[in-house]
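In: sequence-free structure coming up:
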């Protein structure tokens, strides 16, 4: 018996129900090719200070935050060591993220700096690209009223990365106007960290 060929013109609008669709296999795109990249596939990481240890910031000096404890690093693109290493063919400086997939990345930095009572302190935290370009920064001056007070710096940013040489690192600065001295950011779990993930491929 000859099969009847049904063309698109022979199907009424809204006549195809979910029950007539395949439940396995490759989902086709509208042009007939396989549909890919519905969910972004690419590097993601989160890193924090090692061993719940506080990290010192020297007075009037910008310092790379030593986020040496990886919470996760899906593609091995975060360097949690204190020296430059090659990851996925990319030269990656200490404590930096060098994704191997070109795209736009959502990046977030949080830091909890030391609280000083009745002393004016300026804190600056920043996200830096390729060792020279500050792409996100924020400053706040604090003069806290009690040792139990707390403050956090939080900053998210969306940044384009080329997947071959771009990298990011995370920096901190402080200056105590009242009496300059070394201060710290808190190493307690969940206090100071950075994370990032691919949002859209280039």
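Out: Cool, the structure landed. Quick caveat: nothing in here was measured; it's all calculated off a predicted structure.
In: neighbours of the closest residue to residue 59 other than its chain neighbours, how many?
Out: Nearest residue to residue 59, sequence neighbours excluded (Cβ to Cβ, 6 or more residues apart in numbering): residue 180, at 4.2 Å. Just so you know, the C-beta spots here come from the backbone N, C-alpha and C atoms, and that holds for glycine as well. For residue 180, the count of nearby residues is 13 (other Cβ atoms under 10 Å).
In: now do the SS call for residue 180.
Out: coil (DSSP: H, G, I helix; E, B strand; the rest coil).
In: for residue 66, see how far away it is.
Out: Computed as Cβ to Cβ, to the nearest Å, the residue 180 to residue 66 distance reads 22 Å.
In: one more: residue 128?
Out: 14 Å.
In: doesn't residue 102 make contact with residue 162?
Out: Yes: the criterion here is Cβ atoms under 8 Å, and residue 162 meets it with residue 102 at 5.3 Å.
In: list residues touching both of these two?
Out: residue 202 (Cβ atoms under 8 Å, 6 or more residues apart in numbering).
In: quick one: low-confidence ranges for this structure?
Out: 1-4, 18-40, 145-148 (pLDDT under 70).
In: so what pairs up with residue 91 in the strands?
Out: Per DSSP bridges, the residues bridged to residue 91 are residue 86.
In: could you give the number of residues near it?
Out: 13.
In: equivalent analysis for the one 3 residues further on, please.
Out: A count of neighbours around residue 94, defined by other Cβ under 10 Å, yields 15.
In: ok, it - contacts?
Out: Here residue 94 is in contact with 64, 66, 79, 81, 82, 83, 84, 169 (criterion: Cβ under 8 Å, 6+ apart).
In: what's the answer for residue 169, then?
Out: Contacts for residue 169 were tallied using Cβ under 8 Å, 6+ apart; they are 64, 65, 93, 94, 95, 96, 97, 127, 128, 131.
In: distance check, residue 42 against residue 133.
Out: Residue 42 is 22 Å from residue 133, by Cβ to Cβ.
In: higher neighbour count, the two?
Out: Neighbour count, other Cβ under 10 Å: between residue 42 and residue 133, residue 42 has more, with 21 against 9.
In: how near is the more buried one to residue 90?
Out: Residue 42 is 14 Å from residue 90, by Cβ to Cβ.
In: residue 171 too?
Out: 20 Å.
In: buried by neighbour count: which residues of the host helix or strand of residue 128 qualify?
Out: Using DSSP states H and E, residue 128 maps to strand 121-129. Residues of strand 121-129 classed as buried by neighbour count (16 or more other Cβ atoms under 10 Å): 121, 123, 124, 125, 126, 127, 128, 129.
In: for stretch 184-202, same thing?
Out: By neighbour count on 16+ other Cβ under 10 Å, the buried set for stretch 184-202 is 184, 185, 186, 187, 191, 192, 193, 194, 195, 196, 197, 198.
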